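Sequence and predicted model, in that order:
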Amino acid sequence: MSLTVLYFAWVKEKVGTGEEQLSPPDNAKTVSDFIDWLETQSPAHASAFSDRNQIRVALDQLHVPFETDIGDAKEIAFFPPVTGGAW
Amino acid sequence: MIKVQSEPLNAGEEINTFLTSNPNSGGIATFIGQVRDFQEQGSGESASVAALELEHYPGMTEKELERISAEAQKRWTLDAVLVIHRHGRMSPGDTIVLVCTASTHRGDAFSACEFIMDWLKTQAPFWKREHSGTDSTWVDARESDGTRAKRWEKVD
């Protein structure tokens, strides 16, 4: 299963890329499992996800909690809490 | 209507168009957010900001704004909703966001406009980076934005 993985803002800078195609193992069922696996991919990935409280996730462009099953999603995105403006 | 654009946003022109498109709405509320020329520091002091860069998630941004606008139309009686949000690099004083709501009476227009802004700030995938001199920093999420958005959570 190939998944489009997107990163934004400082998560993108830490990982070193904004987009990659990855094929996670079958036992990476939930978003949390997937992050566990991502962290083993490189020191840059490990550093980006070291504080998960600072990470938010979207599956197929919808906000979801970490316990969500990835299912047959095509796109997963990781980013910091949103900071639209200062009004 | 939802627009996400990198081009400058002329709030006056957009509001005029909105007014002429909704001649039968008795009440129009508008909110304009503009780029500030300072950033707040933890100590309560502020530093000047030369430019602001807003990164977003193309595709999801539009979907979230549509969702927020649809939710407002469900909760209040509205004739029309307009949300325009800029992304990319902006200077202090530039308009970054415009929200217009049209209704028969002012109550629904005011509430919906505020609701859209509060939700937009906690749900729409925008990330702000401030440039001052040679420094550039990602802005942290503010606790108060989450608190403001929570006011709108339904208790039923």
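Received, thanks. Residues are numbered from 1 along each chain as shown, chains lettered A, B, ... in the order given.

Which residue lies nearest the spatial centre of chain B?
residue B:97 (4.3 Å; Cα atoms, centre = their mean).

That residue contacts residue B:86, doesn't it?
Yes. Here residue B:97 reaches residue B:86: they are 7.1 Å apart, a contact under Cβ atoms under 8 Å. C-beta coordinates here come from the backbone N, C-alpha and C atoms, glycine included.

Low-confidence stretches in the chain?
No chain was given, so I picked chain A. Applying pLDDT under 70 to chain A flags residues A:85-87.

that answer is for a different chain, and I need it for chain B
Using pLDDT under 70, chain B drops low at B:39-47, B:143-146, B:154-156.

Show me the helices in it, by range?
Taking DSSP state H, the helices of chain B run over residues B:11-21, B:60-75, B:106-123, B:143-150.

Including distance to residue A:12 and mean neighbour count, could those helices go into TSV?
Shown next, in TSV, are these (distance: least, Cβ to Cβ, whole Å; neighbours: other Cβ atoms under 10 Å in any protein chain shown):
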stretch	distance to residue A:12	mean neighbour count
helix B:11-21	31	14
helix B:60-75	15	18
helix B:106-123	20	20
helix B:143-150	22	13
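
would you turn those helices into CSV with distance to residue A:47?
Shown next, in CSV, are these (distance: least, Cβ to Cβ, whole Å):
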stretch, distance to residue A:47
helix B:11-21, 41
helix B:60-75, 25
helix B:106-123, 26
helix B:143-150, 25
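
Can you tell me which of the ones you listed is nearest to residue A:54?
For the helices of chain B, the distance to residue A:54 is smallest for helix B:143-150, at 13.8 Å, taking Cβ to Cβ.

Chain neighbours aside, what residue packs nearest to the residue nearest to the centre of chain B?
Distances taken as Cβ to Cβ, 6 or more residues apart in numbering or on different chains put residue B:33 closest to residue B:97, at 4.1 Å, once the chain neighbours are dropped.

Run a quick neighbour tally on that neighbour.
22 (other Cβ atoms under 10 Å in any protein chain shown).

before we move on, the earlier item: okay, and the common contacts of residue B:97 and residue B:86?
Taking Cβ atoms under 8 Å, 6 or more residues apart in numbering or on different chains as the criterion, residue B:97 and residue B:86 both touch residue B:9.

how about the residues of chain A near chain B?
A:6, A:8-10, A:58, A:61-63, A:77, A:79-87 (Cβ under 8 Å from any Cβ of the partner chain).

Just the buried residues of these.
Among the residues of chain A next to chain B, those classed as buried by 16 or more other Cβ atoms under 10 Å in any protein chain shown are A:6, A:8-10, A:58, A:61, A:63, A:77, A:79-86.

Those residues in strands, which ones?
With DSSP state E as the criterion, strands contain A:6, A:58, A:63, A:77, A:79 from among these.

how near is residue B:115 to residue A:78?
28 Å (Cβ to Cβ, to the nearest Å).

Kindly format the C-alpha coordinates of stretch B:98-110 as CSV.
What follows is stretch B:98-110, C-alpha atoms only, in CSV (Å, rounded to 0.1, in the frame of the first residue of the first chain):
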residue,chain,number,x,y,z
LEU,B,98,-11.9,38.9,5.0
VAL,B,99,-15.2,37.4,6.3
CYS,B,100,-18.6,38.8,5.2
THR,B,101,-21.9,37.5,6.3
ALA,B,102,-25.3,38.7,5.1
SER,B,103,-28.6,38.1,6.9
THR,B,104,-32.0,39.7,7.3
HIS,B,105,-31.1,41.0,10.7
ARG,B,106,-27.8,41.9,12.4
GLY,B,107,-27.8,39.3,15.1
ASP,B,108,-27.2,36.3,12.8
ALA,B,109,-24.7,38.2,10.7
PHE,B,110,-22.6,39.3,13.8
